[in-house]
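S.K.: task: produce atomic coordinates for the following.
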Amino acid sequence: MTRRISLGQYLRESRIAAGLTQAETARRLRSKLGESFEQSYINRIELGRIRQPDVVRLKALCVEYGCDFATCLKLGDYPGYAVQAASEEDGSPLREGIVDVLSSWSELELNLLFASLPDLRAQYRKIIDVLGYVAP
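M.R.: Residues are numbered from 1 along each chain as shown. Predicted coordinates:
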């Protein structure tokens, strides 16, 4: 029987492959996000004590480690983001989650989408900062 890797294990392996320590990652992300990002938070994720970290923080970790965000969302069983497996009977292709759709949008398209959703503006700014776009 094949054992599925956990989100924490995947992130730990990605961090090590990137040549980073938990402490260095925390320092970098505090600087980039402008908010508290503790080494203990990363440790709890890697140990599986936090099974679904905040999506903005998860994306920031993926950017630092150079690992795949969609894979992290699948491993973390995030509702609404995971790839929906196609049935074997109909042979239809896999349908990607909303993350894959939004990641293909231009900065202008994202600005238009989030401008129409004022309640999400603060979250939008964090996401845009993590993705490296300039927020309006």
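S.K.: CA only for contacts and neighbour counts going forward, please
M.R.: Noted.
S.K.: the strands in this protein, which residues?
M.R.: With DSSP state E, there are no strands along the chain.
S.K.: any chance you could map the helices in it?
M.R.: In the chain, the helices defined using DSSP state H lie at 7-17, 22-33, 39-46, 55-65, 69-75, 98-103, 107-115, 121-131.
S.K.: take those helices and lay them out in CSV including mean pLDDT and mean neighbour count.
M.R.: CSV is the format used below for the helices of the chain (pLDDT from 0 to 100; neighbours: other CA atoms under 10 Å):
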stretch, mean pLDDT, mean neighbour count
helix 7-17, 97, 18
helix 22-33, 92, 16
helix 39-46, 96, 17
helix 55-65, 90, 19
helix 69-75, 87, 19
helix 98-103, 60, 13
helix 107-115, 69, 14
helix 121-131, 62, 16
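S.K.: how is the protein carved up into domains?
M.R.: 7-75, 105-131 (automatic domain parsing).
S.K.: give me the distance between the two termini of the longest one.
M.R.: This points to domain 7-75. Chord length of domain 7-75, first to last residue, is 5 Å (CA to CA, to the nearest Å).
S.K.: please apply the same query to stretch 30-46.
M.R.: End-to-end distance of stretch 30-46: 18 Å, with CA to CA as the criterion.
S.K.: what does stretch 64-76 give?
M.R.: So stretch 64-76: terminal residues 18 Å apart, CA to CA.
S.K.: same question, stretch 33-40
M.R.: By CA to CA, the extent of stretch 33-40 from end to end equals 17 Å.
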